[in-house]
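**Q** how would this look folded up:
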Amino acid sequence: MNFAYAAETLSVIFDWDYVLWEVRLKLVAAGFFFYLTVFLLAHWLASWISASYRTLSGKDKVFSNIAITRGLLGIQSCVAGLWALLIDPVFQADKVYSQQKWSWFHCLIASGFILFENVVVHVSNIVFRTCDVFLVVHHLFAFGGLLGLIINIKSGHYLPLMGLLLEMSTPSICMYWLLRRTGYANTLLWKANQWVLIHMQHCRMVLIYHMWWVCISNWNDVVENLGLPHFIVFFVGLSTLTLILNPYWIYRSTQRLFGPVDWNFSFFTAVFGSSGKLNSETFQKKRR
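**A** This is a model prediction of the structure:
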């Protein structure tokens, strides 16, 4: 493999004038429509190849497809976040003000996904006449944080990249949902995936503490760099994630591993509904 050619190709992909509003908005739109395409493609493929998927309600189909789409974002975010955390010398030297062209590209594409996911959540709330406050608040803070980055071109990218790295658990959540809905719940593969998910969520907690360490050790610089309104959104969102959301997700995943209750499903019941039984379990009973 010609690594020099690969590096040059990536440089061309990321080589945009990010100072221009039209460039930033175009990349946000590109992220939105790319993940919308993934969402629709997931629905089309599942409808074609999966009999159990075709038995799901419309609400469950929406969540299945958004779980797959979010899992893809999780992979993208892991690559970019780990590169900033462990390798990139610019971010290693300056965790407050540093920016890179590749980080601009990634954050703007991810902003498009967050916008898309907010649309899905709110449209689902309207169509299915339900509302999950935890989910809505989580997505609004995520979008607010990235919106501040889009508006403030001087904002550093290290903390937003660490925030996106928190999506490291979404591929395992995607696998959990797909295994659960296709009749493979409580298999060895499902339990192994649950162990991975619990481990990733504990890693998320360590990463959250790292974000706090960066903020506290550079407090004045972070406030100055982000600007007070953006900093307030970031601070409240990080506090909520630290004290409420991530501990609850760890508890819920652990309960799923050792008990029969599907806590993931009950958490999203308000948005995506519930038939009172898991479709995969119903499907298994029909086969018997």
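
**Q** give me the low-pLDDT residue ranges for the stretch 151-288 of the chain?
**A** 259-288 (pLDDT under 70).

**Q** how about the helices of it, start to end?
**A** 158-165, 170-181, 188-217, 219-226, 228-240, 246-258, 263-272, 279-287 (DSSP state H, counting those that start in this stretch).

**Q** Count the neighbours of I109 for me.
**A** Neighbour count of I109, defined by other C-beta atoms under 10 Å: 19. The way it works is simple: take the backbone N, C-alpha and C, and place the C-beta from them, glycine included.

**Q** can you check the one 10 residues further on too?
**A** The tally of other residues near V119 (other C-beta under 10 Å) stands at 13.

**Q** Name the helix or strand for it, please.
**A** helix 101-128 (DSSP states H and E).

**Q** which residues touch the residue nearest the centre of the chain?
**A** Nearest residue to the geometric centre of the chain (C-alpha atoms, centre = their mean): E167, 4.3 Å. E167 is in contact with R70, L73, G74, S77, C78, counting by C-beta atoms under 8 Å, 6 or more residues apart in numbering.

**Q** Counting only helices, which of the residues you listed make the cut?
**A** R70, L73, G74, S77, C78 (DSSP state H).

**Q** pretty sure the second one contacts S111?
**A** Looking back up the chat, that one is L73. No. Counting by C-beta atoms under 8 Å, S111 is not a contact partner of L73; they are 11.0 Å apart.

**Q** Distance of D15 relative to Q100?
**A** 12 Å (C-beta to C-beta, to the nearest Å).

**Q** ditto for M200
**A** Taking C-beta to C-beta, one finds M200 at 25 Å from Q100.

**Q** quick revisit: compare neighbour counts for D15 and Q100 and give me the winner.
**A** The neighbour comparison of D15 against Q100 (other C-beta under 10 Å) goes to Q100, with 18 against 11.
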